[in-house]
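# sequence? don't have it. structure:
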């Protein structure tokens, strides 16, 4: 992938922070109906401590669940809501957006960067999923897997290396593609000239170049 400019560490960190805000917003809108479902599951529709008007006030905080006895809420149910569901939302957010036509999350789009394979091509949903799962390893040992981005040749983090992906700047991609097209065009012209000229003339030209003193 010569000619591409890889996204640097600080640009990727900024994109990561923006993405966390985006995921948090999605999670907020998912949790509101979930709180309603939990209320119906535990106490019946619209009643907390005997007051219908207090329902939405209590939905504002997770401490809402502390009103109930341990027997009211199934631990597996709570594990699904507060552990599995956030992971599911994050996985779909990254995997769907990075394997889409944009090849970038909200944060990456805002910073003008995108995810590609090692040859500059769009990655598949499976590769994007592998990249997301491997990002958990990047958190091991105090986020060293992320810090290596600043030191690797192609600015790859640990999960990039595992998934065989890179993050590039969109701004420089256009110029790279023009360079590739020009090289391809030049190669075609050279091949055309070779086909049109007789073999003897090509041989004479080659011999003449070799005998030319420098």
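Everything's here; your move. Source: prediction; values computed, not measured. Numbers count the residues shown, from 1 in each chain.

# ok, residue 22 - contacts?
93, 105-107 (Cβ atoms under 8 Å, 6 or more residues apart in numbering). Where C-beta positions appear, they are placed from N, C-alpha and C, glycine not excepted.

# So which of the residues you listed are in helices?
Judged by DSSP state H, helices contain the following of those: 93, 106-107.

# Could you dump those into TSV and include distance to residue 153 and pLDDT?
Putting the ones in helices among the contacts of residue 22 into TSV (distance: Cβ to Cβ, whole Å; pLDDT from 0 to 100) gives the following:
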residue	distance to residue 153	pLDDT
93	29	97
106	28	97
107	24	96
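
# Residue 12: which of the residues you listed is nearest?
residue 107 (8.9 Å; Cβ to Cβ).

# How many residues are close by the closest one?
Using other Cβ atoms under 10 Å, residue 107 has 22 neighbouring residues.

# next one: residue 8
Number of residues near residue 8 (other Cβ under 10 Å) recorded here: 14.

# what's the answer for the one 5 residues further on, then?
Around residue 13 sit 15 other residues, with neighbours defined as other Cβ under 10 Å.

# so how far is residue 149 from it?
Separation of residue 13 from residue 149 (Cβ to Cβ, to the nearest Å) stands at 9 Å.

# hang on, the earlier thing: what subset of the contacts of residue 22 is buried?
Listed as buried from these are 93, 105-107; burial here means 16 or more other Cβ atoms under 10 Å.

# can you point me to the longest helix in the chain?
Ranking each helix of the chain by length (DSSP H) puts helix 9-43 first.

# avg pLDDT for that one?
Mean pLDDT, helix 9-43: 84.

# tilt between whichever strand or helix holds residue 134 and helix 9-43?
Using DSSP states H and E, residue 134 sits within helix 125-138. Going by axes from the mean of the first three to the mean of the last three Cα atoms, to 10 degrees, helix 125-138 is angled at 90 degrees with respect to helix 9-43.
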